[in-house]
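Visitor: Predicted model and sequence follow; I will ask about them next.
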Amino acid sequence: MYRRWMRRPWFVLFLGVSLGVTICAAALVGFLAGRQTGGRIQLPETLLHASATESGDTMAIATGLIDEGVEGLFILDFITGNLQVAVINPRTGQLGGLYFHNVAADLGTQQGKAPKYLIVTGEYMYRSFTGNVRPAQSIVYVADATSGNYAAYMLPWDRQASSYNFAQVNPMIVLGRGKARNVPVE
């Protein structure tokens, strides 16, 4: 049946003209749309939030978002097991918060055995907290590569205290602990 229609010259002409009109209409719409935007396609703005992590033989650091426009520096000392977070006050540019916790007991670090800690931050969006003190927007995860134990910590952030330039010095809160390895490593 297809061959029968293709032998008729008016059908081929109609098909060619229809295809040509469709292509011209699409080109005209594209041209007019380009003139209205100045020839550029405008995409919505995307905000990026990034954190960084670095580790050495005896210390590891990471960064994480504390609040809008406020970042914290998470520092973990392998020798003492002390985890501390330094927060810069965005209004003064000076140290506006210091949070601390010792991770050795949480991770089951054995005395005399050198731990190999790993540290990374993750985003935490709280849903329902009342009052001025709320969890920061980052959680810090610490793992001990020798034992396979890990723990998650958050810090209580008082947005109002930071806006009035009050220093915040508080302990961190343990959110949970776990074990990633079920077999002991010698």
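Guide: Arrived safely.
Visitor: How far does the longest helix anywhere in the chain sit from its chain's centre?
Guide: For the chain, the helix with the greatest residue count under DSSP state H is helix 9-36. Distance of helix 9-36 from the chain centroid (CA atoms, centre = their mean, to the nearest Å) equals 46 Å.
Visitor: Just give the strands next to the helix or strand following it in its sheet, each with its orientation.
Guide: Next in sequence after helix 9-36, counting helices and strands by DSSP states H and E, comes strand 53-55. Here strand 53-55 has these sheet partners by DSSP bridges: strand 59-67 (antiparallel).
Visitor: list the buried ones in the partner strand?
Guide: Residues of strand 59-67 classed as buried: 60, 62, 63, 64, 65, 66, 67 (neighbour count, 16 or more other CB atoms under 10 Å). (Glycine included, C-beta is placed from N, CA and C.)
Visitor: now stretch 66-78
Guide: Buried positions in stretch 66-78, judged by neighbour count with 16+ other CB under 10 Å: 66, 67, 70, 71, 72, 74, 75, 76, 78.
Visitor: which residue sits closest to the last one, ignoring its sequence neighbours?
Guide: Going back to what we said before, that points to residue 78. residue 58 (4.8 Å; CB to CB, 6 or more residues apart in numbering).
Visitor: Enumerate the residue intervals of the chain where per-residue confidence is below the cut-off.
Guide: Within the chain, the segments meeting pLDDT under 70 span 1-8, 10, 34-43, 46-50, 127-131, 160-166, 183-186.
Visitor: about what we covered before: quick check: strands, which of the buried residues of stretch 66-78 are part of them?
Guide: Among these, DSSP state E puts 66, 67, 70, 71, 72, 74, 75, 76 in strands.
Visitor: Now do the contacts for the first one.
Guide: By CB atoms under 8 Å, 6 or more residues apart in numbering, the residues touching residue 66 are 72, 85, 87, 97, 136, 137, 138, 155, 157.
Visitor: could you check the distance from residue 100 over to residue 177?
Guide: Using CB to CB, to the nearest Å, we find residue 100 at a distance of 18 Å from residue 177.
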